[in-house]
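Visitor: Quick one: sequence plus predicted model below, questions after.
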Amino acid sequence: MPDTVLCHTCRKTLSIRDFPVLNDFNQQHHIANLDKEIEGLQGTLEELKTQQKALESCRDEARSLLAPVRKLPPEVLELVFDIVCTSFDENFALDITIKTVRALTLDLSQVCSVWREIVRATPSLWLCVSVDLSHRNGAFKVMKHYLNQSRDAPLTLYIFAGNLEPYDDADGQSVCSDVAYDSRPDNLKGYSWETLNILFLSSRRWRDVTVVFS
């Protein structure tokens, strides 16, 4: 390409090298190729992340197999679990309050397959239950599960009625108001009687039972 004259008086020129000029079609084609390449790299990145997570899971599982607790014999683990789940003064295997459900035995059974087998094979870990009759958020299923898992073992029960009236908030969740209500047996709600009926079905196994009404 010839030089371009900038000034006809002084005859200054500017040399412009030849550059290929991309037309619109070539530009769009090049962009499309780049998009495909980026998409392929993103797919490769996701695949690498998946492989990384799988390797991390295998690593964690291998480490857990070497944990000191794995070396404890089942008999020792059973004794430890028994202390956790049957210490009546401090813990209950199942503790149902007006707001929460705390299921210690179920928590232990979800740690690993070894613990799960020990827990399922030990009825005494399921027999200590505390129930607030004011609870109405579907604790019947877990309570029945505990009664079934305890088999024919004698039950230790703490049954009481909270002194705060529960009600449903805007999201349908049961919460407590600040208004106290009379929780004598003749004033219990339907869900409270349903809880009692479930417990009455196992009354022949009741050993230590505490019932408290305000």
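Guide: It's in. Residues are numbered from 1 along each chain as shown.
Visitor: after the lowest-mean-pLDDT helix or strand in the chain comes which helix or strand?
Guide: Least confident helix or strand of the chain, by mean pLDDT, DSSP states H and E, is strand 174-180 with a mean of 43. Tracing the chain past strand 174-180, the next element assigned as helix or strand by DSSP states H and E is helix 190-200.
Visitor: which other helices and strands contact the helix or strand following that following helix?
Guide: Note on helix 190-200: by DSSP H and E, the next helix or strand toward the C-terminus is strand 206-212. Applying 3 or more CB pairs under 8 Å, 6 or more residues apart in numbering; DSSP states H and E, we find strand 206-212 packed against strand 155-160. Heads up, the C-betas are built off the backbone N, CA and C, glycines and all.
Visitor: got the angle for the strand it packs on vs helix 190-200?
Guide: For strand 155-160 against helix 190-200, the angle by axes from the mean of the first three to the mean of the last three CA atoms, to 10 degrees is 160 degrees.
Visitor: Use 74 as the first number for this chain going forward.
Guide: Right, with 74 as the first residue, what we last looked at is strand 228-233.
Visitor: State the distance from residue 201 to residue 116.
Guide: 53 Å (CB to CB, to the nearest Å).
Visitor: Which one's more surrounded, the two?
Guide: Ranked by neighbour count (other CB atoms under 10 Å), residue 201 and residue 116 place residue 201 first, with 25 against 10.
Visitor: Which strand residues bridge the more buried one?
Guide: Here residue 201 sits in beta bridges with residue 229, going by DSSP bridges.
Visitor: quick one: residue 200 from residue 149, how far?
Guide: For residue 200 relative to residue 149 (CB to CB), the value is 21 Å.
Visitor: Comparing these two, which residue is more hemmed in?
Guide: residue 200 (27 against 11).
Visitor: Just give me the neighbour total for residue 150.
Guide: Using other CB under 10 Å, residue 150 has 17 neighbouring residues.
Visitor: same thing with residue 117?
Guide: Per other CB under 10 Å, the neighbour tally for residue 117 reads 10.
Visitor: Next one: residue 131 from residue 140, what distance?
Guide: With CB to CB as the criterion, residue 131 and residue 140 are 15 Å apart.
Visitor: all strands of this protein, in order?
Guide: For the chain, the strands defined by DSSP state E cover 77-78, 86-87, 167-169, 174-176, 201-205, 228-233, 237-241, 247-253, 279-285.
Visitor: right, and residue 217 touches residue 271 too?
Guide: Yes: the criterion here is CB atoms under 8 Å, and residue 217 meets it with residue 271 at 6.2 Å.
Visitor: Could you break the chain into its assigned domains?
Guide: 74-139, 145-285 (automatic domain parsing).
Visitor: and among those, the most buried is which?
Guide: Across those, averaging neighbours per residue (mean count of other CB atoms under 10 Å) puts domain 145-285 on top, at a mean of 15.
Visitor: Endpoint to endpoint, it covers what distance?
Guide: 40 Å (CA to CA, to the nearest Å).
Visitor: low pLDDT regions in the chain?
Guide: Counting by pLDDT under 70, the ranges of the chain that qualify are 74-97, 160-163, 209-211, 235-261, 287.
Visitor: list the helices and strands the longest helix along it packs on?
Guide: In the chain, taking DSSP state H as the definition, the longest helix is helix 97-138. Helices and strands touching helix 97-138, as assessed by 3+ CB pairs under 8 Å, 6+ apart, are absent.
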